[in-house]
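Visitor: Just the structure for this:
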Amino acid sequence: MKNTCFKRLFLFLFSITLLASSAKAQMAWFDVNGGVDGGTVSAFDTCFGKLFVAGPLAYANGNPVGHIVGWDETNWSLLDTGLSAPVNATANYKNNLYAGGLFDSAGGHPAHHIAMWNGSAWSAAGTGLKNGNVNALAVYSGLLYAAGTFDSAGTTATSKIAAWDGSTWMAVSGGVNNGDITTLAAYNGNLYAGGTFTSAGGTAARGIARWDGSNWSAMGSGLSTGSAVEAMQVWNNKLYISGYFDSVSGVPARMIAAWDGTHWSAL
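Guide: Have a look, this model is predicted:
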């Protein structure tokens, strides 16, 4: 009887060990079919059942790519001839993949700093963006927002940010001034812009500002003087920002801070 109980206990513990080993094995890192090379990865996005990887990269599994490539969990796939210069940002908008960056052509066709991939071919977004590059893309309130260093979108004068509805470019109430936009994030019903600017829509806003679809507003006194926001991420009902700063709206915070919709806090 004791032997039977011991065997049952042994089998139970052995089964647990196998399950634990299997779980560990499933969490292991693995090679992504040769990976990418010739530059870094600046952006990820999903569309058409694939993961798209973009940046100033030049190769995937040793094969030339034009700064962007698709991954289906087994193989890399080209997006025609890709883009003529590095990509800084991507976004899935209306079930198409948009790329923004330094390029002036996509798939061999003119596309100034922003282009759309429909799963089989590239097309321009109007006449594109001029006199500057795209640093960030974000979807907010049914529109695609592009931001960076440019001063016009299509035939519309803009200041570092513009909105696209799929056919027409629109200005965003004066945009930002005295600096550029580096990053965008939609959070809690608003669009947030971060960068090196000191005003948004004519309102003093140092390094970070909020857009509600109609108006810009500051978030307290903003960053410490001479600072910049370089990245933003929404997590656990908070907006996290990072960059070069040592305080946000008077709250001491070195290079990273969290916004809960009302107050800033350090980490």
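
Visitor: Every contact and neighbour count from this point should use C-alpha atoms.
Guide: Fine.

Visitor: then the helix or strand hosting residue 138 to PDB, C-alphas only?
Guide: Secondary-structure element containing residue 138, defined by DSSP states H and E: strand 134-140. Extracted as PDB, the C-alpha positions of strand 134-140 are listed here (Å, rounded to 0.1, in the frame of the first residue of the first chain):
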ATOM      1  CA  VAL A 134       7.900  62.200 -39.700                       C
ATOM      2  CA  ASN A 135       8.900  61.000 -36.200                       C
ATOM      3  CA  ALA A 136       5.600  59.600 -34.900                       C
ATOM      4  CA  LEU A 137       2.200  58.300 -36.100                       C
ATOM      5  CA  ALA A 138      -0.900  57.700 -34.000                       C
ATOM      6  CA  VAL A 139      -4.500  56.900 -34.500                       C
ATOM      7  CA  TYR A 140      -6.900  59.100 -32.500                       C
END
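
Visitor: Give me the packing partners of that strand, helices and strands only.
Guide: Under the contact criterion of 3 or more CA pairs under 8 Å, 6 or more residues apart in numbering; DSSP states H and E, the helices and strands touching strand 134-140 comprise strand 87-93, strand 96-101, strand 143-148, strand 181-187.

Visitor: burial count for the closest residue in space to residue 75 that isn't next to it in sequence?
Guide: Leaving aside its chain neighbours, residue 75 sits nearest to residue 33 (6.7 Å; criterion: CA to CA, 6 or more residues apart in numbering). By other CA atoms under 10 Å, 14 other residues sit near residue 33.

Visitor: circling back: list the buried residues for the strand holding residue 138?
Guide: Across strand 134-140, burial judged by 16 or more other CA atoms under 10 Å covers 134, 135, 136, 137, 138, 139, 140.
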